[in-house]
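**Student:** sequence? don't have it. structure:
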């Protein structure tokens, strides 16, 4: 499937489907990246469904407390919990997962919404390019570490648990270079200072959203059909968001700032409208669960992936990225290897 800018505009001018609802009584929902924007609005929608536990995970305790108060004020739900995690720090992610293993219990819905976008080459304390770490590596790390809790919840429930990874339609506009496609360690290349020249960094956010889709697809290929867990990627659409705050902070007056402001005024949805996509990915499509597995949600429905992702070249890169990601994360947490061994299988496409 190919998507043009015209397709994007048509979607943005389309009527956004109403929010999906479900009975979440007795369920635990975790939303990572929930203090502002679509993550906060999705958390409000979940709160109205009265889950047994709703955990919002934020980097800032101060901002998280403000979000807690807003959720209770607008929904009347007073059982929301604030947990702290910083995806730019692997130690913070593993500590969060350890805490959840001890205190979180079973997990029915995981929404990985945290992400960053900027143009400059920046590295984390772990030594990785920051967008690559936050949007892909740390997102994958926490998702994998929480698989035991997701699977346990699915086994006790009448429905599979859901892992929702927030991607974007921008992944349709990424075709990796031949150099990356031929590399056995494309993530290492993408993170290197030599690669991260301004020309490449302009596309880094888009690349990270492609990596999100490849992760969901690769994980789905490795989950046995009987495993009660569905991984879903979702496009929230182009919304008013603090994700682009760096574009406004560049200068008080610039062509980029003016262009983004006009673009938003003409095309952007509200954060609440965008959050409906996350909610659908989390609780919708239960009448066709098999199709939801590894699917990509847009405007409240499953849509076809890009031509690249469906190609032999795309499948090859998907496996390469998965293998490198697991190798990297094995070095971060000694729990990754047992989780992969106990919950995943080698897909037929990876057997020589």
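**Tutor:** In hand now; what should we look at? Note that the coordinates shown come from a computational prediction; the quantities given were computed from them, not determined experimentally.
**Student:** Please enumerate the helices of the stretch 251-352 of the chain.
**Tutor:** Secondary structure of the stretch 251-352 of the chain, counting by DSSP state H, counting those that start in this stretch: helices at 255-267, 271-283, 289-292, 307-310, 312-330, 336-343.
**Student:** of all these, which lies closest to residue 159?
**Tutor:** With C-beta to C-beta, the closest approach to residue 159 among the helices of the stretch 251-352 of the chain belongs to helix 289-292: 7.5 Å. Where you see a C-beta, it was placed from the backbone N, CA and C, and this is true even at glycine.
**Student:** Just say which of the helices of the stretch 251-352 of the chain is most tucked in.
**Tutor:** Counting by mean count of other C-beta atoms under 10 Å, helix 271-283 has the highest mean neighbour count of the helices of the stretch 251-352 of the chain, with a mean of 25.
**Student:** how much space between the nearest residue to residue 21 once chain neighbours are set aside and residue 150?
**Tutor:** Excluding the flanking residues, the one nearest residue 21 by C-beta to C-beta, 6 or more residues apart in numbering is residue 49, at 6.3 Å. Distance, residue 49 to residue 150, using C-beta to C-beta, to the nearest Å: 18 Å.
**Student:** neighbour-wise, which of these two wins?
**Tutor:** Taking other C-beta atoms under 10 Å, residue 49 and residue 150 do not tie; residue 150 has more neighbours (27 against 21).
**Student:** Helix or strand for residue 206, just tell me which one.
**Tutor:** In the assignment (DSSP states H and E), residue 206 maps to helix 204-222.
**Student:** Dump the helices of the stretch 251-352 of the chain to TSV, plus distance to residue 211 and mean pLDDT.
**Tutor:** Putting the helices of the stretch 251-352 of the chain into TSV (distance: least, C-beta to C-beta, whole Å; pLDDT from 0 to 100) gives the following:
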stretch	distance to residue 211	mean pLDDT
helix 255-267	24	77
helix 271-283	18	97
helix 289-292	20	96
helix 307-310	11	94
helix 312-330	6	97
helix 336-343	17	98
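**Student:** and of those helices, who's closest to residue 115?
**Tutor:** Nearest to residue 115, of all those, is helix 271-283, at 12.4 Å by C-beta to C-beta.
**Student:** that older thread, who are the contact partners of the residue nearest to residue 21?
**Tutor:** 21-24, 283 (C-beta atoms under 8 Å, 6 or more residues apart in numbering).
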